[in-house]
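# everything below, folded, please.
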Amino acid sequence: MPARATLCLTFDNMGRAKDIADGRAGAPDANEPGLAIGYPRLLALLDELGLEGTFFIEGWNGLHHPDRIEELARRGHEVGLHGWVHEKFGSLDRLRAEQVLHDGTAALSRLGIKPAGFRAPGGVRGPHAAAILPTLGYRYDSSSDSDGEPPQADYFSVAPGLLAPGLAHVPWRAAMVDSIQYLRHPVRPRTPAEIEASWIDAIDRTAACGGTTTVVIHAFVSGVDEARFAAVRNVLTHARRRGDVDIVTARQLAERVLA
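Below you'll find the predicted structure:
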């Protein structure tokens, strides 16, 4: 009989940080759709299903939306670091990477949140993070080694492990990231119906083999669109109802490795 399966539930980005990094904005906006619509919807859904997730948040939001970050922690969710202002972290030199990690960590720490996990904006860890993160007390990284998928990688399965002594790695696959599938798919954008079917299939396959899969959801992608939000609701409801899938935060998964 296989071991119990694991679904690692994660969310990325907050507010206009990415717009600022991309040069599309210069100031925060409380009415940004992901913040005003997506976050309340997703948080209400997690409350409804009794689930806790990890939210990887840019440090910039600690200055401009501290109340929204504090709300995440108050509702029982984990807050991890997602860079400073969603810069392309993987291409930063050592000094800039240190600055981003130190400043982002400090911004969250001022809110009483000590982040244990980091996910690089853009997904790619780069050459410096693994050495810097332990010095700041991080327990795990949830970034990718490169832009490409590993050879012969299953489209859904991941194997958490150690990135460095005392630093776990919580990986993910592109097929389980909503922004890649809807906005940056190399062939064509996927539809909500396709995402729902493939993610449910991934959960069922994970359950069958007692494996692990990580899902990555963005409020500005799946929280503001009715059909995409319905797909997230149906996927998480399916996982919850199965009864043989542990739905965990990234830190909970990392601590299994570190133990």
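# are we agreed that F55 is in a helix?
No: the assignment for F55, made by DSSP: H, G, I helix; E, B strand; the rest coil, is strand rather than a helix.
# partner residues bridging the nearest residue to it once chain neighbours are set aside?
Nearest residue to F55, sequence neighbours excluded (Cβ to Cβ, 6 or more residues apart in numbering): F11, at 4.7 Å. Placement of C-beta: from N, CA and C, glycine included. Taking DSSP bridges as the rule, F11 bridges to F55, I217.
# start the count at 36, not 1, going forward
That works, and once the first residue is 36, the last one we named lands at F46.
# how far away is F46 from H137?
Remark: distance between F46 and H137 (Cβ to Cβ, to the nearest Å) = 24 Å.
# ok, the two, which is more surrounded?
F46 (27 against 15; other Cβ atoms under 10 Å).
# give the closest residue to I238 in space, chain neighbours not counted.
I238's closest residue in space is A274 (Cβ to Cβ, 6+ apart), at 5.1 Å.
# can you show me the helices along the stretch 86-235 of the chain?
All helices of the stretch 86-235 of the chain, identified by DSSP state H, counting those that start in this stretch, fall at 95-99, 101-109, 129-144, 164-167, 213-218, 227-244.
# gap between the residue nearest to Y190 when sequence neighbours are not counted and H100?
Spatially, and ignoring its direct neighbours in sequence, Y190 is nearest to A210 (4.2 Å; Cβ to Cβ, 6+ apart). Using Cβ to Cβ, A210 is found at 30 Å from H100.
# you'd agree the residue nearest to Y190 is up against S233?
Yes: using Cβ atoms under 8 Å, A210 is in contact with S233, at 6.6 Å.
# overlap of the contact sets of these two?
Residues touching both A210 and S233 (Cβ atoms under 8 Å, 6 or more residues apart in numbering): Y190.
# now do the buried residues in stretch 85-105.
86, 88-97, 99-100, 103-104 (16 or more other Cβ atoms under 10 Å).
# so which of those comes closest to V280?
Taking Cβ to Cβ as the measure, V280 sits nearest to L86 out of the buried residues of stretch 85-105, at 11.3 Å.
# confidence score at the closest one?
Looking at L86, its pLDDT is 98.
# ok, it touching L44?
Yes: with contact defined as Cβ under 8 Å, L86 reaches L44; the gap is 6.3 Å.
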